[in-house]
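Colleague: What shape does this take:
(one chain, ligands or ions: 1)
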Amino acid sequence: MKRIPYGRQYITDEDIQAVIETLKSDYLTQGPKLAQFEQTFAKYIGVKYAVAVSNGTAALHLCALAFGIKEGDKVITTPITFSATANCVRYAGGEVVFSDIDPETYLLDIQNVRNLLENYPKGTFKGIIPVDFAGRAVDLEAFHQLADEYALWIIEDACHAPGGYFMDSKGVKQYCGNGKHTESAIFSFHPVKHIACGEGGMITTNNEILSNKLRNLRTHGIQQIPGLKQFNHGPWYYEMQELGFNYRLTDFQAALGISQLQRANIGLERRREIASIYEKAFTGKSYVIRQTGVIIGHAYHLYVVEFSDRNGLYDYLHETNIFAQVHYIPVHLMPYYRQFGWKEGDLPHAEKYYNNCLSLPMYPTLKNDEQNFVIETIERYYRK
Ligand SMILES: Cc1ncc(COP(=O)(O)O)c(C=O)c1O
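Modeller: Reported below is the predicted structural model:
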């Protein structure tokens, strides 16, 4: 059996053709494909504005700056995420406060966040960064209410969940990143994600002023709107008004993104099919502690199963060329965050989850016989 990774990109001839055409055009960076990608993505998510950037980490960084996080500001997030979610707070000089997950959903537990907020004077915390971990949408309606009570902003980290949604209290689908209940959301176009640009990221928002600020910050803080320049020395004149970065996405990456976006729903359907096959295979198995299962609106970036003897299974699968992976090492236990006092025992649900979790192969081009091989190999391991 050939190597089976936990996730991989899906590149077609159409994708390759789209990139080639852009490489032959007049624009390599920030040309017409970028604007088209932003508009197509915004439409797909159901939000007014989308700002493309060089990767998901850059998207988080720009949001942290746009929300004015500064030295000592406290921001709450989950430990079960990729480090970048927390790091953006540090880039801006803020303090990361990790709050434990719900052991059933693996998402930031709203009750824990509420307890945290109640235990400190109002105004202590500035914002929350919930993560649609594995592709499961956070109930942002509930988080919105809580955030309003404490005057907090929300950045939704939706890197795992383009096309994912939760049902709100009126029974309406709320798509991840649609900005209905948050100030902004961010996405990544890393190869294992639903839409791959190689590297790439997107920020979505319904706030026009915020979207303009993000566009400026993406390009060195240079004012993009002519009418808002303070001076005018002549037709050559551009004006840097604040300290920004070069976080641009190239036009050929945007062309790849547009092409990928056309197949996004087909990819989602396939991911959901794979999830339901895993669910059936692992239901009632004695070695399964908990599994993701079939959940409405889940975008299945990952299919996580909590296994007893996870470490032994991990080794066995890797020996068999099945590269299942652990997502994630709790971020508060990273040496960088330990220096701020975080330690084992601080977030018991996240730490327990980490001991058992394994992300099984999940990507649209995973073949049925490959998935069967994964399932059979796991069964074989526990029969030993
Ligand atoms: C939840 C989450 N947030 C942020 C990021 C950062 O995205 P990128 O790798 O595009 O910088 C990732 C990507 O791995 C992620 O999984």
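Colleague: count of neighbours near the residue in the stretch 51-200 of the chain that the ligand sits nearest to?
Modeller: Using CB to the nearest ligand atom, the closest approach of the stretch 51-200 of the chain to the ligand is made by G56 at 2.5 Å. In short, each C-beta sits where N, CA and C put it, glycine included. By other CB atoms under 10 Å, 26 other residues sit near G56.
Colleague: mind listing what's buried in stretch 238-255?
Modeller: If you call a residue buried by 16 or more other CB atoms under 10 Å, then stretch 238-255 has these buried ones: E239, G244, F245, Y247, R248, L249, T250, D251, F252, Q253, A254, A255.
Colleague: And for stretch 349-369?
Modeller: Those would be 349-351, 353-354, 356-364, 366, for stretch 349-369 by 16+ other CB under 10 Å.
Colleague: Let's see which of those residues end up in strands.
Modeller: C357, L358, S359, L360 (DSSP state E).
Colleague: quick one: the last one and the ligand, what's the gap?
Modeller: Computed with CB to the nearest ligand atom, to the nearest Å, the distance linking L360 and the ligand is 17 Å.
Colleague: Backbone dihedrals for the residue lying closest to that residue once chain neighbours are set aside, both of them.
Modeller: Distances taken as CB to CB, 6 or more residues apart in numbering place Y303 nearest to L360, at 5.0 Å, with adjacent residues excluded. Note on Y303: backbone dihedrals following degrees, to the nearest 10 are phi -120, psi 110.
Colleague: Look at Y303 and say how many residues are nearby.
Modeller: 26.
Colleague: Repeat that for G234.
Modeller: 5.
Colleague: Assign a three-state SS to it, would you?
Modeller: Secondary structure, DSSP: H, G, I helix; E, B strand; the rest coil: G234 is coil.
Colleague: if I read this right, the residue nearest to L360 contacts E273, doesn't it?
Modeller: No: assessed by CB atoms under 8 Å, Y303 is found out of contact with E273, at 11.3 Å.
Colleague: Tell me the spacing between the closest residue to M362 other than its chain neighbours and L366.
Modeller: Among residues not flanking M362 along the chain, Y303 sits closest, at 4.6 Å (CB to CB, 6+ apart). Using CB to CB, to the nearest Å, Y303 is found at 10 Å from L366.
Colleague: shared neighbours of these two, anything?
Modeller: I274 (CB atoms under 8 Å, 6 or more residues apart in numbering).
Colleague: Okay, helices next: where are they in the stretch 51-200 of the chain?
Modeller: Along the stretch 51-200 of the chain, the stretches classed as helices by DSSP state H, counting those that start in this stretch are 56-66, 84-91, 110-118, 140-149.
Colleague: So which elements touch the third one?
Modeller: I take that to be helix 110-118. Applying 3 or more CB pairs under 8 Å, 6 or more residues apart in numbering; DSSP states H and E, one finds that helix 110-118 contacts strand 125-129, helix 140-149.
Colleague: looking at the ones you listed, which is closest to H194?
Modeller: helix 140-149 (19.1 Å; CB to CB).
Colleague: that older thread, what residues does the residue nearest to L360 make contact with?
Modeller: With CB under 8 Å, 6+ apart, Y303 has these contacts: A134, I274, A275, Y278, Q291, T292, S359, L360, M362.
Colleague: quick one: the last one and Y300 touch, right?
Modeller: Yes: between M362 and Y300 a contact is recorded at 5.9 Å, counting by CB under 8 Å.
Colleague: Quickly list what's touching both of those two.
Modeller: R271, I274, A275.
Colleague: Assumed E21 was part of a strand.
Modeller: No: assessed by three-state DSSP, E21 does not belong to a strand; its assignment is helix.
Colleague: Read off the pLDDT value for the residue nearest to it when sequence neighbours are not counted.
Modeller: Sequence neighbours aside, A255 is the residue nearest to E21 in space, at 6.9 Å (criterion: CB to CB, 6+ apart). As predicted, A255 sits at a pLDDT of 98.
Colleague: And A255, how close does it get to G94?
Modeller: According to CB to CB, A255 and G94 sit 36 Å apart.
Colleague: So which bits of the stretch 51-200 of the chain are right by the ligand?
Modeller: By the rule CB under 6 Å from any ligand atom, the part of the stretch 51-200 of the chain lying against the ligand is 55-57, 81-82, 84-85, 131, 157, 159-160, 188, 190.
Colleague: looking at those, which has the most residues close by?
Modeller: C159 (32 neighbours).
Colleague: who does the spatially closest residue to that residue that is not a sequence neighbour bridge with?
Modeller: Nearest residue to C159, sequence neighbours excluded (CB to CB, 6+ apart): S188, at 4.1 Å. Beta-bridge pairing for S188 (DSSP bridges): G201.
Colleague: on that earlier part again, CSV for the shared contacts of M362 and Y300, including distance to the ligand?
Modeller: Shown next, in CSV, are the shared contacts of M362 and Y300 (distance: CB to the nearest ligand atom, whole Å):
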residue, distance to the ligand
R271, 16
I274, 19
A275, 18
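Colleague: among the buried residues of stretch 349-369, which two are most distant?
Modeller: E351 and P364 (32.4 Å).
Colleague: quick one: which of the buried residues of stretch 349-369 is nearest to I378?
Modeller: Looking across the buried residues of stretch 349-369 and measuring by CB to CB, the closest to I378 is L360, at 8.1 Å.
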